[in-house]
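*Asks:* Structure here, sequence nowhere to be found:
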């Protein structure tokens, strides 16, 4: 058996066009303060929020004197991030004189090679971000954050490449932004594909938790709404008719799940009981009119959720039929599948 947690991580990959990297006629601005040259820009439209970035691939990139190059990413909300900041440049002396030979350069947060290699020419492969240090870093309102910390809403995302010295030229074939979507997705199904099986040795159906005494398909939790607007509602169906139900929020995922009453729990870390009420005809909904919305409710209970952070949800409910599931003996509660939300 294997964990199904990866099904809650919605990866994405989007590719934009390339072009010629303009060569500045003279000094294109003041380092660390302003850039007034002409840069290469290329945009892609994303229909979903971005929870984090895993890599940015610069395909067919070539350029002489890579120490001239400053590569940035701009999000729809106006935030910008440094990706490559003039390898080898210290704010005064010229940067790396070696060339970027034609190839596909994948920028990653860690585990790649260094782009700072002096006079050596380098070719395509996996390379770490290079945001530079001290006077060689760019300090005018552009963040030097790791890729995994880059997040933002749906909309137009733009790659920019600036050349800071004349007489060196280059081109870009295309670029690809890859990462994890914001929003929500379901996982932790009671269908026998988890590392932890349902304790009753039977399975529900895809999209639901383990079977209960009222519904052999199990109870299913879904989330609907607009994450970016903090307008999300949870809906669970398939519970026993009037089951007392509590919506749990966790700060981490329990890989593979763990036995929890007659079901399998996959939310862990710091747990909060967000909403509690009896189901109506096997249906539980939260929040309802008059209750605080998420993530406001989480903040009220001591866990303010930073933008771009994940949280994990399951609804656990009473099942009074203690004989329904003989192991563990006497358990009178069960739990739905899980929902992962990147806020």
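*Replies:* Arrived safely. Computed from a predicted model, the values in this text were never measured in an experiment.
*Asks:* what are the ranges of the strands in the stretch 51-200 of the chain?
*Replies:* With DSSP state E, counting those that start in this stretch as the criterion, the stretch 51-200 of the chain has strands at 69-74, 80-85, 100-108, 125-128, 155-163, 170-181, 183-187.
*Asks:* Pick the most buried one from the ones you listed.
*Replies:* strand 69-74 (a mean of 23; mean count of other CB atoms under 10 Å). Glycine gets a C-beta too; all of them are placed from N, C-alpha and C.
*Asks:* remind me which residues of the stretch 1-150 of the chain are low pLDDT?
*Replies:* Residue ranges of the stretch 1-150 of the chain with pLDDT under 70: 1-10.
*Asks:* do that again at 90, thanks
*Replies:* 1-11, 25-27, 46-52, 76-79, 92-94, 141, 148-150 (pLDDT under 90).
*Asks:* the domain parsing of this structure - what is it?
*Replies:* Following automatic domain parsing, one gets these domains for the chain: 5-181, 184-342.
*Asks:* The shortest one: end-to-end distance?
*Replies:* Across its full length, domain 184-342 reaches 6 Å end to end, with CA to CA, to the nearest Å as the criterion.
*Asks:* now stretch 263-276
*Replies:* Across stretch 263-276, first to last residue, CA to CA, it's 19 Å.
*Asks:* Numbering from 18 from now on, please.
*Replies:* All right, first residue 18 from here; so that's stretch 280-293.
*Asks:* Would you indicate which residues of it are buried?
*Replies:* For stretch 280-293, the neighbour count (16 or more other CB atoms under 10 Å) marks 280, 281, 282, 283, 284, 285, 288, 289, 291, 292 as buried.
*Asks:* same check, this time on stretch 28-37
*Replies:* 29, 31, 33, 35.
*Asks:* in the stretch 218-360 of the chain, which spans are helices?
*Replies:* 313-317 (DSSP state H, counting those that start in this stretch).
*Asks:* residue ranges with poor pLDDT in it?
*Replies:* Looking at the stretch 218-360 of the chain by pLDDT under 90, you get 218-224, 240-248, 270-274, 323-327, 337-348, 356-360.
*Asks:* hmm, try it at 70
*Replies:* In the stretch 218-360 of the chain the weaker segments, taking pLDDT under 70 as the threshold, are 218, 245, 343-347.
*Asks:* still on that earlier bit, want to throw the strands of the stretch 68-217 of the chain into CSV with distance to residue 231?
*Replies:* Formatted as CSV, these follow (distance: least, CB to CB, whole Å):
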stretch, distance to residue 231
strand 86-91, 50
strand 97-102, 50
strand 117-125, 49
strand 142-145, 52
strand 172-180, 44
strand 187-198, 34
strand 200-204, 21
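*Asks:* what about the residue most central in space within the chain, distance to residue 197?
*Replies:* Taking CA atoms, centre = their mean, the centroid of the chain lies closest to residue 68, which sits 3.0 Å from it. Taking CB to CB, to the nearest Å as the measure, residue 68 falls 4 Å from residue 197.
*Asks:* between these two, what contacts are shared?
*Replies:* Contact criterion CB atoms under 8 Å, 6 or more residues apart in numbering; residues shared by residue 68 and residue 197: residue 359.
*Asks:* if we can go back for a sec, I'd like to know which of the buried residues of stretch 28-37 are part of strands.
*Replies:* 29, 31, 33, 35 (DSSP state E).
*Asks:* about what we covered before: the residue nearest to the centre of the chain against residue 359, yeah?
*Replies:* Yes: the criterion here is CB atoms under 8 Å, and residue 68 meets it with residue 359 at 3.8 Å.
*Asks:* who touches both of these two?
*Replies:* 168, 197, 198, 199, 200, 325, 327.
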